[in-house]
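Undergrad: quick one, structure for this:
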Amino acid sequence: MKKAFTLAEVLVTLGIIGVVSAMTVPSLMQNHQRKTYVTQLHKIYNELQQASLQYMTDNNAINMKEAGIISDDAASDFIKKYFKVVQDCGADKSPCFPEHTVYKKLSGAENSVWVGKRHFVLASGASVSTYYHPEDELLLEFWVDINGQNGPNIIGRDLFGMYMSVDGVLDDLAYKFPLSKEERENKFNTVCNATNQGNLHGCFGKILNDNWEMTY
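TA: The predicted structure is shown next:
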């Protein structure tokens, strides 16, 4: 006599598999999406760091300010020279970026501010906004939406603030570079992961602290 599973046993097994899948697949999908966001962010980070080094080398300068970053126009020229720009929106956000009110914070709070002065779409599909902001060691702000107009349009998921020092170092918002791990963690808790509407920083530093993992 051949042994075989009964129909009831097969149905029970399939039911168990279905329940386990329903419990684990959403989590796996979320983890995959987080890794995709971070991979895209890391690519932009590396390109900005390489571009800053090349910019200083090309201009025989010891820092970004000496190399020529002394205005919003100079910051714009930097992006156009060292990146493949497919759309230059100038001082207008649209259509390079959605309206700033479209973006939400991790808490679900609405975004009420925007500081970008020049706006671009890169060949990778990422949107980049620049803001010349010389104060102490801080020189430039970059707002990067890693997938442009596409969602989810959440600060800390696909929109990040990166801040460049006079020496070309990228970190979270700082006036003395680099930030300590404790300072980055504090910015994440009090700004990125908080319910306040203003201030868009604090998310990038958390990813730096967690070795390029989106743990939140």
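
Undergrad: mind checking pLDDT for the closest residue to residue 104 other than its chain neighbours?
TA: When the adjacent residues along the chain are set aside, residue 104 lies closest to residue 154, with 5.4 Å between them (C-beta to C-beta, 6 or more residues apart in numbering). Heads up, the C-betas are built off the backbone N, CA and C, glycines and all. Among the per-residue scores, residue 154 holds a pLDDT of 97.

Undergrad: pretty sure residue 154 sits against residue 105.
TA: Yes - checked against C-beta atoms under 8 Å, the pair residue 154 and residue 105 is within contact range at 7.3 Å.

Undergrad: looking at the two, which is more packed in?
TA: Relative neighbour count places residue 105 above the other of residue 154 and residue 105, with 24 against 17, counting by other C-beta atoms under 10 Å.

Undergrad: give me the mean pLDDT for whatever helix or strand residue 51 lives in.
TA: Under the criterion DSSP states H and E, the helix or strand holding residue 51 is helix 7-58. The average of the pLDDT scores along helix 7-58 is 80.

Undergrad: residue 34 contacts residue 214, correct?
TA: Yes - checked against C-beta under 8 Å, the pair residue 34 and residue 214 is within contact range at 4.0 Å.

Undergrad: more crowded one of those two?
TA: Applying other C-beta under 10 Å to residue 34 and residue 214 shows that residue 214 carries more neighbours, namely 19 against 16.

Undergrad: distance of that one from residue 194?
TA: Applying C-beta to C-beta, to the nearest Å, the value for residue 214 to residue 194 is 17 Å.

Undergrad: likewise residue 101?
TA: If you go by C-beta to C-beta, the gap between residue 101 and residue 194 works out to 18 Å.

Undergrad: looking at these two, which is more packed in?
TA: Relative neighbour count places residue 194 above the other of residue 101 and residue 194, with 16 against 11, counting by other C-beta under 10 Å.

Undergrad: element containing that one, please.
TA: Following DSSP H and E, one finds residue 194 outside all helices and strands.
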